[in-house]
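In: Sequence isn't available, so here's the structure alone:
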């Protein structure tokens, strides 16, 4: 059985290829997928009540390896749509809904072809009937951080919240904002490469949303891996996550996607990281590198007003 996973994007400007694999597909658990409009959240409010709620709830606690996500598991996760022509487009990169009008992603995912954001999907194949009700939203403005790999996409109109489309919480509370998360095992999810050895052929992308838990590394340990042995700079605005033995990681195709943590059963999920870069996928002692969202809260608040 194949049992590795994940992310980084075909649009990557960083060094990538090499090895991660995903687990074989399994049947989806049937859950309530009725679409109900949630309480309206002002488009200028990024700290709304009710954010970060997964329809799957504590069943996430049973996940230990890369596997297909359930419908409604991550209602804030988005994929980005790139237009090649009037009727020709493709999906790449991940993103997270943080308000009724804003999506957050990696800056290196933004290009002149970027056109829309898809929310509420599970399997990107239009032929698969899985109960999802995806909605595409046109991007009105792209706001890129001047120095770091983070960007905000302002949508042309407010998102209609449903059971399958909800925002994730930002890590604003002091006990969350100041946490390094070292030793925690947050989730990362996306539609990225599960066969990264096929990256040169532009194959290996996954149609099915997948998820995995990866342990967060101590900052100093992460810096020593990249700074001292490979010459890459990992600063305080970044964080590392991945198994020391390899086998589970983020990979091409899902840069910009969320690294998410919950503080307990039935607790909200918080966006603590954004998939950014790495050397290969799922390599032993080479973790994936994520943007540390807590370092950009002031910037996010400023550009979303």
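Out: Right, received. Where do you want to start? Every value quoted in this text rests on a predicted model; they were computed, and no experiment measured them.

In: For the rest of this, base every contact and every neighbour count on C-alpha atoms.
Out: OK.

In: Just the helices from the stretch 51-200 of the chain, written as ranges.
Out: Ranges of helices in the stretch 51-200 of the chain, per DSSP state H, counting those that start in this stretch, are 174-177.

In: mind listing the strands for it?
Out: Per DSSP state E, counting those that start in this stretch, the stretch 51-200 of the chain carries strands over the ranges 67-68, 77-83, 89-97, 102-105, 114-119, 135-144, 151-155, 187-190.

In: which one of these lies closest to residue 128?
Out: When the strands of the stretch 51-200 of the chain are compared by Cα to Cα, strand 67-68 sits nearest residue 128, at 14.2 Å.

In: Report all helices and strands that that closest one contacts.
Out: Other helices and strands packing on strand 67-68, by 3 or more Cα pairs under 8 Å, 6 or more residues apart in numbering; DSSP states H and E, are strand 210-213.

In: The strand it packs on pairs with which strands?
Out: In the sheet, strand 210-213 lines up against strand 67-68 (antiparallel), strand 187-190 (antiparallel) (DSSP bridges).

In: Give the buried residues for the next helix or strand after it.
Out: Using DSSP states H and E, the helix or strand that follows strand 210-213 in sequence is helix 219-223. Under the neighbour-count criterion of 16 or more other Cα atoms under 10 Å, helix 219-223 has 219, 222-223 buried.

In: and those as TSV, adding pLDDT?
Out: Supplementary listing: the buried residues of helix 219-223 in TSV, determined by pLDDT from 0 to 100:
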residue	pLDDT
219	92
222	89
223	89
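
In: Serialize the residues you listed to TSV and add fields for distance to residue 174.
Out: Written out in TSV, the entries for the buried residues of helix 219-223 read as follows (distance: Cα to Cα, whole Å):
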residue	distance to residue 174
219	19
222	24
223	25
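
In: Of those, just say which sits nearest to residue 209.
Out: Of all the buried residues of helix 219-223, the one sitting nearest residue 209 is residue 222; the distance, using Cα to Cα, is 27.6 Å.

In: Give me the mean pLDDT for the top helix by length along the chain.
Out: When the chain is parsed with DSSP state H, its longest helix is helix 297-303. For helix 297-303, the mean per-residue pLDDT is 97.

In: now stretch 49-62
Out: Per-residue pLDDT values over stretch 49-62 give a mean of 74.

In: Next: stretch 71-84.
Out: Across stretch 71-84, the per-residue pLDDT values average to 96.

In: got the end-to-end distance for it?
Out: Start to finish, the residues bounding stretch 71-84 are 29 Å apart (Cα to Cα, to the nearest Å).

In: likewise stretch 262-271?
Out: Start-to-end span of stretch 262-271 (Cα to Cα) is 9 Å.

In: Touching it from outside, list them.
Out: By Cα atoms under 8 Å, 6 or more residues apart in numbering, the list of residues contacting stretch 262-271 from outside reads 50-54, 57-58, 168-171, 186, 258-261, 293.

In: buried sites along it?
Out: Judged by neighbour count (16+ other Cα under 10 Å), stretch 262-271 contains these buried residues: 262, 268-271.

In: which of these lies closest to residue 190?
Out: For those, the nearest to residue 190 is residue 271 (14.1 Å; Cα to Cα).

In: burial measure for residue 104, as a count.
Out: Residue crowding around residue 104 was assessed by other Cα atoms under 10 Å; the count is 28.

In: my read: it touches residue 152, true?
Out: Yes: with contacts counted by Cα atoms under 8 Å, residue 104 reaches residue 152, the gap being 4.6 Å.

In: Any idea which helix or strand in this protein has the lowest mean pLDDT?
Out: Within the chain, judged by mean pLDDT, DSSP states H and E, the helix or strand with the poorest mean is helix 229-230; its value is a mean of 64.
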